[in-house]
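Asks: quick one: sequence plus predicted model below, questions after.
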Amino acid sequence: MTSSLGAPSLGSVPVLVGELTLLRPFTVDDADAMAEILRDPEVNRLTGSVRTSAEAEAAAPDLDRLREWYGSRSDQTDRLDLAVVDRETGTLVGEVVLNDWDPDNASCNFRILLGPDGRGRGLGTEATRLLLDHAFAAIGLHRVSLGVLAFNPRAQHVYARAGFVVEGVEREAHLFDGEWVDSVLMAVLDHEWAARR
């Protein structure tokens with residue numbers, strides 16, 4: 001896709017609706033909820049945002065920085081950040097992102113993070129599928145890839161169920177609590193996604 005200025009773009013920011021989740025554009029008003037989610041030690045550990053358990057426990061996001069960040073997400077043309085909302089409660093529970101866009105090769109990186117209120121109920125699985133549907137059907141991507149830390153088997157399982165295939169391992173890519181952790185590389189291609197639909 002191309003923006004009105006002629007520069008490459010991932011297109012307008014969509015609203016994607018599933019049975020369990022609603023994926024919508026972020027607003028500056030989401031900063032408070034995201035700050036709470038980003039204080040969760042499990043979020044910080046599983047996303048590789050911290051190097052120690054103590055850092056994970058002490059994480060305190062800068063609210064002004066988060067307001068600026070989430071308030072500007074809809075203005076980005078080279079990435080797509082969407083809020084994950086639990087449809088049952090209307091609560092913001094996390095985010096899904098397509099980033100590291102390579103327009104020449106029609107590929108992006110995928111990432112997701114869910115706070116405690118969004119885990120263990122299928123919200124992440126549905127949010128992943130909704131964004132992949134959009135990536136392949138609406139944006140026209142050929143490849144979506146990700147890296148997941150080896151100590152996150154729950155995410156690896158969700159990604160595999162969504163169609164991601166393990167392509168390799170970056171050995172000892174992340175240091176956490178003094179231990180080296182592998183990063184598992186996974187990807188799904190447009191024709192693989194179409195075959196699963």
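Replies: Cool, got the structure.
Asks: and after the host helix or strand of residue 168, which helix or strand comes next?
Replies: Using DSSP states H and E, residue 168 maps to strand 165-176. As assigned by DSSP H and E, the chain's next helix or strand after strand 165-176 is strand 179-189.
Asks: hey, where'd the helices end up in the chain?
Replies: Counting by DSSP state H, the chain has helices at residues 31-38, 41-46, 53-58, 63-71, 123-133, 153-161, 190-196.
Asks: okay if I get these as TSV plus mean neighbour count?
Replies: Every residue, glycine included, has its C-beta placed from N, CA and C. As requested, the helices of the chain are exported to TSV (neighbours: other CB atoms under 10 Å):
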stretch	mean neighbour count
helix 31-38	19
helix 41-46	19
helix 53-58	14
helix 63-71	15
helix 123-133	22
helix 153-161	16
helix 190-196	14
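Asks: lowest average pLDDT across those helices?
Replies: In terms of average pLDDT, helix 53-58 trails the rest of those, at a mean of 84.
Asks: could you find the closest non-adjacent residue to residue 18?
Replies: residue 126 (4.5 Å; CB to CB, 6 or more residues apart in numbering).
Asks: ok, and the closest non-adjacent residue to residue 66?
Replies: Of all residues not flanking residue 66 in the chain, residue 31 sits nearest, at 4.1 Å (CB to CB, 6+ apart).
Asks: and for residue 48?
Replies: What sits nearest to residue 48 in space, not counting adjacent residues and going by CB to CB, 6+ apart, is residue 174, at 5.2 Å.
Asks: contacting residues around residue 146?
Replies: Counting by CB atoms under 8 Å, 6 or more residues apart in numbering, residue 146 makes contact with 109, 110, 111, 159, 164, 185, 186, 187.
Asks: next one: it from residue 166, what distance?
Replies: 11 Å (CB to CB, to the nearest Å).
Asks: same check on residue 122?
Replies: 22 Å.
Asks: mind pulling up the pLDDT for the residue nearest to residue 116 when sequence neighbours are not counted?
Replies: The shortest distance from residue 116 to any non-neighbouring residue, by CB to CB, 6+ apart, is to residue 40 (5.8 Å). Note for residue 40: predicted pLDDT of 93.
Asks: now do the phi/psi pair for the nearest residue to residue 186 once chain neighbours are set aside.
Replies: Once flanking residues are discounted, residue 186 sits nearest to residue 164: 3.9 Å by CB to CB, 6+ apart. Main-chain torsions, residue 164, degrees, to the nearest 10: phi -70, psi 140.
Asks: pretty sure residue 164 contacts residue 188?
Replies: Yes. Taking CB atoms under 8 Å as the definition, residue 164 is a contact partner of residue 188 at 4.8 Å.
Asks: how about the helix or strand of the chain with the lowest mean pLDDT as CSV, C-alpha atoms only?
Replies: Using mean pLDDT, DSSP states H and E, helix 53-58 stands out as the lowest-scoring helix or strand of the chain, at a mean of 84. What follows is helix 53-58 as a C-alpha-only set of coordinates in CSV (Å, rounded to 0.1, in the frame of the first residue of the first chain):
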residue,chain,number,x,y,z
SER,A,53,13.4,-11.0,38.0
ALA,A,54,14.1,-8.0,40.2
GLU,A,55,13.8,-5.6,37.2
ALA,A,56,10.6,-7.4,36.2
GLU,A,57,9.1,-6.8,39.7
ALA,A,58,10.2,-3.2,39.8
